[in-house]
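Trainee: could you look at this predicted model? Sequence included:
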Amino acid sequence: MIRLENLTKHYGPAHDPLIAVDNVSLDLPTGEICVLLGPSGCGKTTTMKMINRLIQPTSGKVFINGKDTSTIDPIKLRRTIGYVIQQIGLFPNKTVEENICVVPDLLGWDRRKSRARAKELLELVGLQPDLFLKRYPKELSGGQQQRVGVLRALAADPPVMLMDEPFGAIDPINREAIQEEFLKMQREIRKTIIFVSHDLDEAVKMADKIAIFRSGRLEQYAAPDELLARPANSFIEDFLGSDRALKRLRLVSVRDAMETGFITVRSSDSVEHALERMRSSRSAAVFVLNADGAPQSLLSEQVAELRSGTVGDHAEPVKSAVPTTGDLRQAVSIMFAHDMPLLPCVDEGGRMAGVMSYRSIVHYLAHGAKA
Ligand SMILES: Nc1ncnc2c1ncn2[C@@H]1O[C@H](COP(=O)(O)OP(=O)(O)OP(=O)(O)O)[C@@H](O)[C@H]1O
């Protein structure tokens, strides 16, 4: 775990200092990602660089796994903390393999062990070792260079990583891909990560915790969903933007927000029977499933009220469904695209598991966020 305790940095003369970081305290549990966010000049980078002592704090302390880092030699400290920066900073005259092995070599690792590690890391991000180990940085795309930059920081298996806008220079499409890939890797390696970003969407996607700074002060420190649901003050509300409810949609899984008490009928059932079932359960529609349990068609209350005969005569085919593993943004997108106020949710086997409605989404956004 990383603990910042009253961390403070002043620049300039003591009688009239510029207070870059002002009494910041926070705890980040092992294996979590904390994104530092806030307007330009609010103290994000200074805070991060005090963790690996590239900047010396004016006062306050940083603890890593309970150890006061001011008692560790700064050079040694930096070798145990991975560091990724936007400008990447690969050595142009070293191969990918040599670049990845820089810290293990400095630490005196056995050569075979470090070379095996380089190979293993490249495989982890889908870069074929045969093709890439012996290449030079200039023979890589920007996205590939950034991946190698991340691998270099991971090579000596540091428990803590600092990442200063690591994906800031990558185009939006590749950036999405590299973020996904990084999160997938993080699920395996479980590093404790402090990550500076300018991008709220990136922060919401990557963070377990977001720390919002203003003028050197920590204004709010919370999980993304909590932050978006309950901004602590009007500065944060403005910073998050008027579309913060939409941003929350991607944080909520379909499984958590769907309604599971849906009604099913057979297509040979009468419309009257279907209507009775809807009314007694206060459902807006009934569903017909196929033999495998997949949603096939639906009959809404409005249609049923005007018709007679069998459900099969009047039910409309289900145009689409959302997987329960998806998020609310995906669900809303399908609902809009297909004009489906009621969207079936299906499990891995395609079987119907629940229903999403506009009402269930609004209800979840109003009441679902964990306090
Ligand atoms: N070496 C320095 N000497 C004097 N002032 C500095 C120094 N480094 C940073 N500052 C000031 O400290 C404050 C915080 O800077 P910092 O780089 O931490 O902000 P930031 O939030 O990372 O900004 P950005 O998002 O623009 O990168 C700013 O007002 C900056 O001008």
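Mentor: Cool, the structure landed. Numbers count the residues shown, from 1 in each chain.

Trainee: helices along the stretch 251-371 of the chain, start to end?
Mentor: Ranges of helices within the stretch 251-371 of the chain are 254-257, 271-281, 301-306, 311-314, 328-337, 358-367, based on DSSP state H, counting those that start in this stretch.

Trainee: what about those, which gets the closest to the ligand?
Mentor: helix 328-337 (27.0 Å; CB to the nearest ligand atom). In short, each C-beta sits where N, CA and C put it, glycine included.

Trainee: helices and strands around the closest one, which ones?
Mentor: Applying 3 or more CB pairs under 8 Å, 6 or more residues apart in numbering; DSSP states H and E, we find helix 328-337 packed against helix 244-249, helix 254-257, strand 322-323, strand 342-346, strand 352-357, helix 358-367.

Trainee: looking at the ones you listed, which is buried most?
Mentor: Among these, strand 342-346 has the highest mean neighbour count (mean count of other CB atoms under 10 Å), at a mean of 24.

Trainee: show me how far it is from its chain's centre.
Mentor: Chain-centre distance of strand 342-346: 24 Å, with CA atoms, centre = their mean, to the nearest Å.

Trainee: that one pairs with which strands, parallel or anti?
Mentor: Here strand 342-346 is paired, per DSSP bridges, with strand 322-323 (parallel), strand 352-357 (antiparallel).

Trainee: let's have those strands in TSV, adding distance to the ligand and mean pLDDT.
Mentor: Listed next are the strands paired with strand 342-346 as TSV, based on distance: least, CB to the nearest ligand atom, whole Å; pLDDT from 0 to 100:
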stretch	distance to the ligand	mean pLDDT
strand 322-323	37	97
strand 352-357	38	96
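
Trainee: output those strands in JSON lines; the columns should cover distance to Glu301.
Mentor: Converted to JSON lines, those look like this (distance: least, CB to CB, whole Å):
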{"stretch": "strand 322-323", "distance to Glu301": "22"}
{"stretch": "strand 352-357", "distance to Glu301": "12"}
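
Trainee: out of those, the one nearest Gln220 is which?
Mentor: Smallest distance to Gln220 across the strands paired with strand 342-346 (CB to CB): 30.0 Å, for strand 352-357.

Trainee: give the buried residues for the longest helix along the chain.
Mentor: In the chain, with assignment by DSSP state H, the single longest helix is helix 172-189. If you call a residue buried by 16 or more other CB atoms under 10 Å, then helix 172-189 has these buried ones: 174-175, 178-179, 181-182, 185-186.

Trainee: which SSE is immediately downstream of that helix?
Mentor: strand 192-196 (DSSP states H and E).

Trainee: what residues does this protein have near the ligand?
Mentor: For the chain, the residues in contact with the ligand (CB under 6 Å from any ligand atom) are 11, 18, 20, 38, 40-46, 198.

Trainee: of the residues you listed, which belong to strands?
Mentor: Using DSSP state E, the members of these that fall in strands are 11, 18, 20.

Trainee: per-residue pLDDT of the closest residue to Asp27 other than its chain neighbours, please?
Mentor: Nearest residue to Asp27 in three dimensions, chain neighbours excluded: Arg3, at 5.1 Å (CB to CB, 6 or more residues apart in numbering). Model confidence at Arg3, given as pLDDT, is 97.

Trainee: same check, this time on Ile178
Mentor: Per-residue confidence at Ile178 stands at 85 (pLDDT).

Trainee: top of the ones in strands among the residues of the chain next to the ligand by neighbour count?
Mentor: Most neighbours among these, by other CB atoms under 10 Å: Ala20, with 21 neighbours.

Trainee: next, the contact list for Lys119, please.
Mentor: By CB atoms under 8 Å, 6 or more residues apart in numbering, the contact list for Lys119 reads 129, 133.

Trainee: any idea how far it is from the ligand?
Mentor: Distance from Lys119 to the ligand, counting by CB to the nearest ligand atom, to the nearest Å: 35 Å.
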